[in-house]
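Novice: Build me a model:
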Amino acid sequence: MLPLRPVARLSVIGLALYTFSAPPQRLVVMGPAQTVVTRNPLIGVHTRLTDEVEEWKVQRTLEMVREMGSPWIVEYFPWGYYESVQGRYDWTHPDMVIEHALNQGLRVIARIDFVPQWARPEETTYRYLDRDHFADYAAFVGAFVARYRGRVEHVVIWNEPNLAFEWGYRTPDPEAYTELLRLAYEAAKEADPDVQVLAAGLAPTLAPPGSEWGLDDLLFLQAMYDAGAAPYFDGLAIHAYGLTFPPDDPPDPEQINYSRAELLREVMVRNGDEHKPAYITEGGWNDHPRWTKAVRPYQRIAYTVRAFEKAREEWPWCEAVALWAFRYPWPQHTYQDYYTFVSPEFVAKPVYQDVRHYAAGEPYEYLEEMP
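Specialist: Predicted structure coming up:
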């Protein structure tokens, strides 16, 4: 054997040193199945584990959700992540997330969107889905539902199609979205007749017809019904952000607040869908110190707790209130960080602590100390 050159010898030594000095991988043990203990079975959060790589962080996130007293999570499962090559699925990450969620006793609402590159024209965004690929999206929904049959009971078809951004920077099209919903519904029901298919949560907006940004959510929902959407969803996802208004602020078609959910419900009832439930899959308040749409931290706590209680007391048609957003894998360095309940380092914020106390029927820890 020829002797190693000095540079090669140093490389081998360096590799050995790295191998033996690298920190060990954190052991993840599933443990016995858990149960959520809560006084309000509607409590939920949007977990955003999509880009969380380390399994122990997925597990710890979902443990903290359970410990807060939340039986529901909404999780985002991007089509483009799991079918980057047409017909070839990689379920590694969703398998992990769903397994840990179920182990913690949580119910998963799966939101499915994000267009893979092969299913859209060049120089378009991952929100751009044309009619030529509606069937491809539906096929993925069917594959997802089949894989998690009996484990994931709810799927949301797309996200905020009434916004131009979410519709690939195109004019929102209720008729086209209804066609997408129909195809996805049929594929999902073929895979699992018991799965609950939810129409997409619409962005709360007052944008009038013809706006380049979007379309009023109340108008968009009615246009869906006019296009024949009613047979193709089992429930409606709702986005209910409070902005600067308290949760008991009355509903008003000219105002965006938490109670706007009641107006969407009225659209459902007018169209004969009073028997269908609704699920708040995004919503809540932000306590950024300088954002004009934010509230004070003590207001956020009080409004959040009241939002859960209001739905429990007054909205018999509401199955879950999953607020945005439990935790991000890393800081966003924007006002978005002030929507979270837990920091990327798993530090529980005061809003988390008081929701936990509320769910357990205990005295509040922070709210009682604030003005």
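
Novice: where along the stretch 201-350 of the chain do the helices fall?
Specialist: In the stretch 201-350 of the chain, the segments counted as helices under DSSP state H, counting those that start in this stretch are 217-226, 260-270, 297-314, 350-360.

Novice: Now mean neighbour count and mean pLDDT too, for those, in JSON lines please.
Specialist: Glycine gets a C-beta too; all of them are placed from N, C-alpha and C. Compiled in JSON lines, the helices of the stretch 201-350 of the chain are given as follows (neighbours: other C-beta atoms under 10 Å; pLDDT from 0 to 100):
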{"stretch": "helix 217-226", "mean neighbour count": "20", "mean pLDDT": "98"}
{"stretch": "helix 260-270", "mean neighbour count": "19", "mean pLDDT": "98"}
{"stretch": "helix 297-314", "mean neighbour count": "20", "mean pLDDT": "98"}
{"stretch": "helix 350-360", "mean neighbour count": "22", "mean pLDDT": "98"}
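
Novice: tally of neighbours for the closest residue to Tyr128 other than its chain neighbours?
Specialist: Distances taken as C-beta to C-beta, 6 or more residues apart in numbering put Gly168 closest to Tyr128, at 2.9 Å, once the chain neighbours are dropped. Using other C-beta atoms under 10 Å, Gly168 has 17 other residues around it.

Novice: list the contacts for Gly168?
Specialist: Neighbouring residues of Gly168 by C-beta atoms under 8 Å, 6 or more residues apart in numbering: 115, 120, 124-125, 127-129.

Novice: ok, Leu323 to Gly31 distance?
Specialist: Applying C-beta to C-beta, to the nearest Å, the value for Leu323 to Gly31 is 27 Å.

Novice: Burial check on the residue nearest to Leu263 when sequence neighbours are not counted, number of neighbours?
Specialist: Spatial nearest neighbour of Leu263, excluding adjacent residues (C-beta to C-beta, 6+ apart): Pro251 at 5.0 Å. A count of neighbours around Pro251, defined by other C-beta under 10 Å, yields 15.

Novice: returning to what we had before: can you turn the buried part of the contacts of Gly168 into a ChimeraX selection?
Specialist: Buried subset of those, written as a ChimeraX selection, criterion 16 or more other C-beta atoms under 10 Å:
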select :115,120,127,128,129
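
Novice: Dump the contacts of Gly168 into TSV; add pLDDT, secondary structure and distance to Glu54 as well.
Specialist: As requested, those are arranged in TSV below (pLDDT from 0 to 100; DSSP: H, G, I helix; E, B strand; the rest coil; distance: C-beta to C-beta, whole Å):
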residue	pLDDT	secondary structure	distance to Glu54
Val115	98	coil	27
Arg120	97	coil	30
Thr124	97	coil	32
Thr125	97	coil	28
Arg127	98	coil	28
Tyr128	98	coil	31
Leu129	98	coil	31
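
Novice: Between all of the contacts of Gly168, which two are separated the most?
Specialist: Pairwise distances across the contacts of Gly168 peak at 10.1 Å for Thr125 and Leu129 (criterion: C-beta to C-beta).

Novice: contacting residues for Phe114?
Specialist: Contacts of Phe114 by C-beta under 8 Å, 6+ apart are 78-81, 126-127.

Novice: again, only this time at 7 Å
Specialist: Phe114 sits next to 78-81, 126 when contact means C-beta atoms under 7 Å, 6 or more residues apart in numbering.

Novice: what about Pro231, neighbour count?
Specialist: As a burial measure, Pro231 scores 8 neighbours (other C-beta under 10 Å).

Novice: brain fart, Ser70
Specialist: Ser70 has 32 neighbours, counted by other C-beta under 10 Å.

Novice: Who's the closest spatial neighbour of it, skipping the chain neighbours?
Specialist: Closest to Ser70 by C-beta to C-beta, 6+ apart is Ile43, at 4.5 Å.

Novice: which residues pair with the one you found across the strands?
Specialist: Ile43 forms beta bridges with Val321, as assigned by DSSP bridges.
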